[in-house]
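K.L.:
Sharing a sequence plus its predicted fold:
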Amino acid sequence: MTNLRIYLFIILLGISFSVDAQDKGAKKENNTQIGFELLKNLDIYSSMMKELSTDYVDIINPGQLTQTGIDAMLESLDPYTNFIPENQVEDYRFITTGQYGGIGALIHQQGKYVVISEPYEGSPAQKSDLKAGDKIIRINGQAAVNKTYDEVSAVLKGQAGTPVNLVIERKSPSDTLTKNIIRENIKIDNVPYSGILSDGIAYIKLTGFTQNASKEFRQAFMKLKENNTLKGLIIDIRGNGGGLLNEAVDIANLFVEKGQEIVSTKGQKADKNQVHYTTSTPVDTEIPIIILVDSQSASASEILAGSIQDLDRGVVLGQRTFGKGLVQNVVPLSFNAQMKITVAKYYIPSGRCIQAIDYSHKNKQGAFDKIPDSLIREFKTKHGRKVYDGGGISPDVKASERKISNIALALYNKFLIFDYGTKFERSHSGIIPADRFEITDSIYSDFLAFLKDKDYKYTTRSELALEKLRKEAEKEKYYDAIKGELDLLQTSMDNDKKEDLNKYSDQVHELLKMDILARYYYQKGKIIGSLKTDPVLNEAIGVLKDADRYAGILAGKYSQPDNSLPGSVEEELHPADGQ
């Protein structure tokens, strides 16, 4: 352990000398103090680990204990500064490149089984006829039952060109199939769908900002532009959690003149202070643009939406975005580990930072607070419209988040929507095209019959409030006097819940439709199937068709109260990334 202390001391001396050599003058004394504090605390840490390894009642795992300490330390800074051990580097590569080695299927945990959720179209899983609902029983000869999602996922992923042997259960425990699958490099498209909606209005769904996102987006737009006379463009980044900053800049560049500032970054070190400009000739500076956003649109999504808004180049429609105005870099560590570290904040063209949470301070409860309204500042767009910092991009036309019903949530979370989709596919070899498929009365009746012997109990907020009232009444000795009224209320609630499958049938219809479409037409089919019933999208089409309204919004002459438009059930249930 003494050698470890000497080694750490040498490392710290190197850090101290390096910092002193680079940052002269006033910072030197502060850096020396930081170096001393680092050395002191690392010495304490090494002493503590020595005592634990020799005196603790049980044998400790130094690697696991250190990992716990590192994670807790970084968690105290912000959610985005993370340690990446060597065995997780491949997962982080997927975040930036959109590629990984594997079979190409989404999976989920369902009881003691890990189940195929959805094979990607064209993937080794799909080509090997893996289907949604298949239970993974064995992998490479090893039992997979009672394994966790993470354990199974780690084995399914691997270098392209290598084999993996799966035994899956399809219809019953006696109906098992063996699949020998060769892993491939799986590429997740940033643009899973693009098309013409109506009257020359183009639509592009953008789900990520990994490498080549701008190239994919440009190709999709140019194809639509070449084959149609476009009267408007809707860019849908709802649920898009972001990615690479440069890809957002390059997409904005398609519609903004060369040399325009899109985003700047400011950090503690001078080399993190950068301004990112458009560098290419745009492809279309005139087409009317609407960008659809929601509360899960974050980071690079906010750079794209915020820059288009600040430059008055288009209209932002939807819900307030997430509010992630922090920039991360990935730096190498020893033993092939890495660390993703927050190095700067970013600022969009008006000069505002849209970071919603101040991670530099904690409240009395030890939690991070959102930036208070008193500190939110006003900025101006290119043409003088008022915009604000302090928490995401506020849309020009607002839509409220749709509140999913308890019954729909219970059916989804208990996998009854999914299990019925599996049942449906096994009795239907095909369905009509995605843009015409609907849940008919016959299908819904079959679904209700499917539910008869299933458990989908759920507790409403009203029932929770009633139970709380019962307990308070008991404490205060009022329960006997009001028990009859409380029982009547409970009975009334029970009767109302029995009607929920009818009352909220539109939400259940939508979830069933999306699940069934995924079985036959994959992700693209779900997007196509949702287009005509999406109220937010329909509002965007209406704005583009009304030239005066569109121009009025950009001129600051149009306002709309909050909570005016519903969102969609599918968005609320699927707010983030896939596997």
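P.N.:
All right, it came through fine.
K.L.:
Okay, now the unreliable bits of the stretch 251-400 of the chain?
P.N.:
364, 366 (pLDDT under 70).
K.L.:
Helices along that one, start to end?
P.N.:
Listed in chain order, the helices of the stretch 251-400 of the chain (DSSP state H, counting those that start in this stretch) span 300-310.
K.L.:
Contact partners for the closest residue to Ser194 other than its chain neighbours?
P.N.:
In space, Ser194 comes closest to Ala220 once its chain neighbours are excluded; the distance is 4.0 Å by Cβ to Cβ, 6 or more residues apart in numbering. The C-beta positions use only the backbone N, C-alpha and C, and glycine is treated the same way. By Cβ atoms under 8 Å, 6 or more residues apart in numbering, Ala220 lies in contact with Val191, Ser194, Ile204.
K.L.:
Angles on the backbone of the closest residue to Phe209 other than its chain neighbours, please.
P.N.:
Using Cβ to Cβ, 6+ apart and skipping residues adjacent in sequence, the residue nearest Phe209 is Gly243, 3.0 Å away. Backbone torsions for Gly243, taken as degrees, to the nearest 10, come to phi 160, psi -130.
K.L.:
is it true that Gly243 touches Ala300?
P.N.:
Yes - here Gly243 reaches Ala300: they are 5.0 Å apart, a contact under Cβ atoms under 8 Å.
K.L.:
Common neighbours of these two, please.
P.N.:
Joint contacts of Gly243 and Ala300 (Cβ under 8 Å, 6+ apart) are Phe209.
K.L.:
Distance-wise, check the residue nearest to Ser194 relative to Ala300.
P.N.:
Noted for Ala220: a distance of 17 Å to Ala300, by Cβ to Cβ, to the nearest Å.
K.L.:
ditto for Leu206
P.N.:
Distance, Leu206 to Ala300, using Cβ to Cβ: 10 Å.
K.L.:
Could you name every residue contacting both of those two?
P.N.:
Asn240.
K.L.:
Tell me which helix or strand the residue nearest to Ser194 sits in.
P.N.:
According to DSSP states H and E, Ala220 maps onto helix 213-227.
K.L.:
higher neighbour count, Gly243 and Ala300?
P.N.:
Ala300 (28 against 24; other Cβ atoms under 10 Å).
K.L.:
where exactly do the strands run in the stretch 1-150 of the chain?
P.N.:
82-84, 99-102, 105-110, 113-119, 135-139, 142-143 (DSSP state E, counting those that start in this stretch).
K.L.:
Got the confidence number for the residue lying closest to Glu121 once chain neighbours are set aside?
P.N.:
Of all residues not flanking Glu121 in the chain, Tyr522 sits nearest, at 4.0 Å (Cβ to Cβ, 6+ apart). For Tyr522, the model assigns a pLDDT of 96.
K.L.:
wait, doesn't Tyr522 sit right on Ser117?
P.N.:
No - the criterion here is Cβ under 8 Å, and Tyr522 misses it with Ser117 at 11.5 Å.
K.L.:
Name the spans of the chain whose pLDDT lies under the cut-off.
P.N.:
The chain contains residues with pLDDT under 70 at 1-31, 364, 366, 493, 495-496, 559-579.
K.L.:
which one's the longest strand in it?
P.N.:
strand 338-347 (DSSP state E).
K.L.:
So for stretch 137-155, what gets flagged as buried?
P.N.:
Residues Ile137, Arg138, Ile139, Ala144, Lys147, Val152, Val155 are the ones in stretch 137-155 that count as buried (16 or more other Cβ atoms under 10 Å).
K.L.:
Out of the strands of the stretch 1-150 of the chain, flag the one nearest Thr533.
P.N.:
Set against Thr533 and scored by Cβ to Cβ, the strands of the stretch 1-150 of the chain come closest in strand 113-119, at 20.7 Å.
K.L.:
Report the strands that pair with that closest one, each with its relative direction.
P.N.:
Sheet pairing of strand 113-119 (DSSP bridges) gives strand 105-110 (antiparallel), strand 135-139 (antiparallel).
K.L.:
In CSV, list those along with distance to Asp271.
P.N.:
Below are the strands paired with strand 113-119 laid out as CSV (distance: least, Cβ to Cβ, whole Å):
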stretch, distance to Asp271
strand 105-110, 39
strand 135-139, 45
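K.L.:
if you compare these, which one is most tucked away?
P.N.:
strand 135-139 (a mean of 19; mean count of other Cβ atoms under 10 Å).
K.L.:
which other residues reach that one?
P.N.:
Contacts of strand 135-139 (Cβ under 8 Å, 6+ apart): 107, 110, 113-116, 143-145, 152, 155-156, 164-170, 176.
K.L.:
Next, count neighbours for Gln490.
P.N.:
Number of residues near Gln490 (other Cβ under 10 Å) recorded here: 15.
K.L.:
can you confirm it is in a strand?
P.N.:
No - Gln490 is assigned helix when assessed by DSSP: H, G, I helix; E, B strand; the rest coil, not a strand.
K.L.:
Against Val191, how distant is it?
P.N.:
Applying Cβ to Cβ, the value for Gln490 to Val191 is 51 Å.
K.L.:
quick one: which helix or strand includes Ser462?
P.N.:
Assigned by DSSP H and E, Ser462 belongs to helix 461-475.
K.L.:
Give me the buried positions along that helix.
P.N.:
Here helix 461-475 shows Glu463, Arg470, Ala473 as buried, counting by 16+ other Cβ under 10 Å.
K.L.:
and the last one, what does it touch?
P.N.:
If you count contacts by Cβ under 8 Å, 6+ apart, Ala473 has them with Tyr479, Ile482, Leu486.
K.L.:
go on, Phe221?
P.N.:
Phe221 touches Ser194, Ala202, Ile204, Leu233, Leu254, Val283, Asp284, counting by Cβ under 8 Å, 6+ apart.
K.L.:
This completes my enquiry, with thanks.
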